[in-house]
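*Asks:* Predicted model follows, preceded by the sequence.
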Amino acid sequence: MLWFWILLRITLAPVLYVVYRPKNSGMRNVPKRGPAILVSNHLSFADHFFGPLPLLRPIFFIGKAEYFTGRGLKGLISKGFMTGVGVVPVDRTGGSAADAALDTGLRILGEGKLLGIYPEG
């Protein structure tokens, strides 16, 4: 996963900065190491690109399992991209599935990583 994240940082970040000129605030609040939870509004699929863009370390999002179960070429590309950028699949059917999502988030934090959450997702 880390190699894919690095590759995207090197290739995609400069293009996004030049074309879209995104702005961010609050970066001084993100620790350089150790666990942290980053919470963001989820306005579009582009959030997967622009949200982590200014970060100098990978962020792991909890994402719906449907991103990983698509069929055909589109499903394969979606699964590959989501896996590569650190999205962890979570079953959102309710009940014990919610417990599994929380356990996954705790595991990510326990490993000293950044956990990204879209609350309305």
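*Replies:* Cool, the structure landed. Numbers count the residues shown, from 1 in each chain.
*Asks:* these two touch, right, Ile108 and Gly116?
*Replies:* No. Counting by C-beta atoms under 8 Å, Ile108 does not reach Gly116; the two are 9.2 Å apart. (Glycine included, C-beta is placed from N, CA and C.)
*Asks:* Give the residue spans of the protein that score low on pLDDT.
*Replies:* Within the chain, the segments meeting pLDDT under 70 span 1, 121.
*Asks:* Check which element follows the longest strand belonging to it along the chain.
*Replies:* As assigned by DSSP state E, the longest strand anywhere in the chain is strand 59-64. Using DSSP states H and E, the next helix or strand after strand 59-64 towards the C-terminus is helix 72-84.
*Asks:* quick one: that following helix to strand 59-64, angle?
*Replies:* Angle, helix 72-84 to strand 59-64, by axes from the mean of the first three to the mean of the last three C-alpha atoms, to 10 degrees: 140 degrees.
*Asks:* helices or strands next to whatever helix or strand comes next after helix 72-84 in the packing?
*Replies:* Where DSSP H and E defines the elements, the next helix or strand beyond helix 72-84 is strand 87-90. Packing partners of strand 87-90 (3 or more C-beta pairs under 8 Å, 6 or more residues apart in numbering; DSSP states H and E): strand 59-64, helix 96-110.
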